[in-house]
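A.B. asks: A structural model of the following input is requested.
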Amino acid sequence: MKIVVAILNYNGKNWLEKFLPTVLSKSTEAEVLVIDNASTDDSVQFLQQRFPQVSLIINQQNHGFAGGYNEGLKTVEADYFILLNSDVEVTDNWIMPVIHLLEEDKEIEVAQPKILSYARKEYFEHAGAAGGLMDKLGYPFCRGRIFYETEKDTHQYNTPEEIFWATGACMFIRAKTYKKHQGFDEAFFAHMEEIDLCWRIKNSGGKVYYCPDSKVYHVGGGTLDYMSPFKVYLNFRNSLYALHKNYSGNLFLVIFARLILDGVAGVKFLFGGEFKNIMSIIKAHFHYYAHIGTLQKQRRLIPKKKKYTQLKGVYPKSIVWQFFVLKRRYFRDLPK
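C.D. replies: Residues are numbered from 1 along each chain as shown. Next comes the predicted model:
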């Protein structure tokens, strides 16, 4: 069995210096590969001098998170890929519990460990927490994190569970699955590309799982701050992209509801004086409208074996309503 830990790097020498030694010492079962996404700092020279034992692939341009992994993994042969952010601290025995889960159930095609915060180690981290879910309108959230509210880890999510999406911060995926689905959609550039990939896999009948017996600590916001205008733009645009491509049901009604709620988010930004974020939402919508033709073609090509609401990991209510109106901040508070 060949396992490859693939770390995508873009101007992240500081993260490599901080976390790569731990990855190497605690990942003896795997080959560690760094894919450099045309960094302009001295990451490559640093890696070649300090870590000559690490496999290195150098992309000729910055393809973003999605394209960077696709380009870097084109010629890599393995049974499993572990896509790991450079700002993640791994722990003892972080690999094999997830691999054992995948080996025991061949229908599980993607999995993630428990994602905790590097800064507050007893709390879940924003990107992934205890596994990603979706609400009835296609809004993503996590067990352990709803919007900006993260929970303390009190072992409340300590059993393996089928989820909707696994975080790109630490994603275990069968290499044949990654290649069968042609990896991430490069139009996303970055953010939510893992949700789109997991959604495509679930639409074709595969499973996505959370494994609590493995844990890692994620800094988060290592490349883009969570509330940077560019990240807001990518999140709003890519959410609509994924929804249009993958949703099985009355797409028009769901998109219409999302447009209204995105407008409400814009008003919230207005009252908060976050004018750049308002422009990010407007830009995201115009880019979505401009690409509807392409998205529609992709939509027709993606098999959909079940209706969206029948997929495991879909919460059948509005998480926006539950969180902002009913003030239900934690997963445990949501009506089952």
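A.B. asks: for this structure, which helix is longest?
C.D. replies: Among the segments of the chain that qualify as a helix by DSSP state H, the longest is helix 251-271.
A.B. asks: counting by contacts, list what whatever helix or strand comes next after that one packs against.
C.D. replies: The element immediately downstream of helix 251-271 (helix or strand, assigned by DSSP states H and E) is helix 275-290. Where contact means 3 or more CB pairs under 8 Å, 6 or more residues apart in numbering; DSSP states H and E, helix 275-290 is packed against helix 229-246, helix 251-271. All C-beta atoms are positioned from the backbone trio N, CA, C, and that covers glycine.
A.B. asks: just those helices: most buried one?
C.D. replies: helix 229-246 (a mean of 22; mean count of other CB atoms under 10 Å).
A.B. asks: now that helix, how far from the centre of its chain.
C.D. replies: 13 Å (CA atoms, centre = their mean, to the nearest Å).
A.B. asks: by contact count, what packs against it?
C.D. replies: By 3+ CB pairs under 8 Å, 6+ apart, helix 229-246 packs against helix 193-203, helix 251-271, helix 275-290, helix 292-301.
A.B. asks: contacting residues around the helix or strand just after the last one?
C.D. replies: Same thing as helix 292-301. Using DSSP H and E, the helix or strand that follows helix 292-301 in sequence is strand 314-315. Residues outside strand 314-315 that contact it (CB atoms under 8 Å, 6 or more residues apart in numbering): Leu133, Met134, Asp135, Lys136, Phe141, Phe164, Tyr308, Leu334.
A.B. asks: quick check on Cys142: phi, psi?
C.D. replies: Dihedral pair for Cys142: phi -130, psi 160, per degrees, to the nearest 10.
A.B. asks: distance of the residue nearest to it when sequence neighbours are not counted from Ser117?
C.D. replies: Leaving aside its chain neighbours, Cys142 sits nearest to Ala129 (3.7 Å; criterion: CB to CB, 6 or more residues apart in numbering). Ala129 sits 9 Å away from Ser117, taking CB to CB, to the nearest Å as the criterion.
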